[in-house]
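Trainee: here is a sequence with its predicted model. Questions after.
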Amino acid sequence: MKIQLSHPWPETAAEAEAVQDALRASLDLAGPGPRRPAAVAGVDVAYAGDRLAAAVVVLDAVTHRVVEQVAVTGRTAFEYVPGLLAFRELPSLTEALERLTIVPDLVVCDGYGLAHPRRFGLACHLGVLTGLPTVGVGKTAFVGSHREPGRERGAWSDLVLDGDVVGRVLRTQDGVKPVFVSTGHRIDLETACRHVLALSPRYRLPETTRAADRLSRTALREAAGG
DNA sequence: GCGACAG
DNA sequence: ATCTTGTCGC
């Protein structure tokens, strides 16, 4: 799979915001998205100073067994700026995705999608670039307001931004801190949450996220020489 | 103006 | 994200 990043790649925050505003027009929020995905991918990036390691792990959607995984290492080219996370992580993430031989039916991203200041978070961006259905799963609050969801697994509440429902605060395990789910591309929020729950049978975070997080950290460690 | 702010 | 010790619990 060949992935084309925007050219030229933005150098400033203003240029990056302009890219988001332009690509947002290509966002597909129609849904319903994959009903019975067979292969689900998780992506994540780990950092150590200016070094980084991006990982993509594809799991069997039913058994959650690893089907394929790729990790690439490199150096940071964009500093972290709230709202512009994609420009820090996409170069390496797309490189890892390009080396994948399997085309996943859904990609679970670390972070937000539509729940974003300009309605174009990392999950939306990666979705538009790859054409794949994507969903964003954030671990902490970023934008929007919400009520505390019920304490049982599956309970959720609306994540509202400027009067729009842009995501859901979803409890994936009884009594544990909820996660923030928002759609990325080619999927609806209801379906996205259904898949996130199915991918989180035992822990707070989806198995895809956990697997990608582990791989990115070990890849970073091995690249350093330990 | 000030504080908050995915990872 | 990453920096960090011990601690409670399965």
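Mentor: Yep, that arrived. Numbers count the residues shown, from 1 in each chain, chains lettered A, B, ... in the order given.
Trainee: residues touching A:Glu68, list them.
Mentor: Counting by CB atoms under 8 Å, 6 or more residues apart in numbering, A:Glu68 makes contact with A:Val57, A:Val58, A:Leu100, A:Thr101, A:Ile102. Using the backbone N, CA and C atoms, a C-beta is placed for each residue, glycine as well.
Trainee: change it to 10 Å
Mentor: Shown in contact with A:Glu68 (CB atoms under 10 Å, 6 or more residues apart in numbering): A:Ala39, A:Ala41, A:Val56, A:Val57, A:Val58, A:Leu59, A:Arg99, A:Leu100, A:Thr101, A:Ile102, A:Pro104.
Trainee: roughly how far is the longest helix seen in chain A from the heart of the chain?
Mentor: In chain A, assigned by DSSP state H, the helix with the most residues is helix A:207-224. Chain-centre distance of helix A:207-224: 15 Å, with CA atoms, centre = their mean, to the nearest Å.
Trainee: restricted to buried residues, select the contacts of A:Glu68 in PyMOL.
Mentor: Buried residues among the contacts of A:Glu68 (16 or more other CB atoms under 10 Å), as a PyMOL selection:
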select buried, chain A and resi 39+41+56+57+58+59+100+104
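Trainee: re the thing from before, is DNA strand B within reach of the longest helix of chain A?
Mentor: No. If you take CB under 7 Å from any atom of the strand as the test, helix A:207-224 misses DNA strand B, and the best it gets is 8.2 Å.
Trainee: A:Thr12: neighbour count?
Mentor: A count of nearby residues for A:Thr12, using other CB atoms under 10 Å, gives 8.
Trainee: got phi/psi on A:Phe180?
Mentor: Backbone torsions of A:Phe180, given as degrees, to the nearest 10, read phi -110, psi 110.
Trainee: ok, so what distance separates the residue nearest to A:Ser6 when sequence neighbours are not counted from A:Ala198?
Mentor: Distances taken as CB to CB, 6 or more residues apart in numbering put A:Val19 closest to A:Ser6, at 5.2 Å, once the chain neighbours are dropped. A:Val19 sits 33 Å away from A:Ala198, taking CB to CB, to the nearest Å as the criterion.
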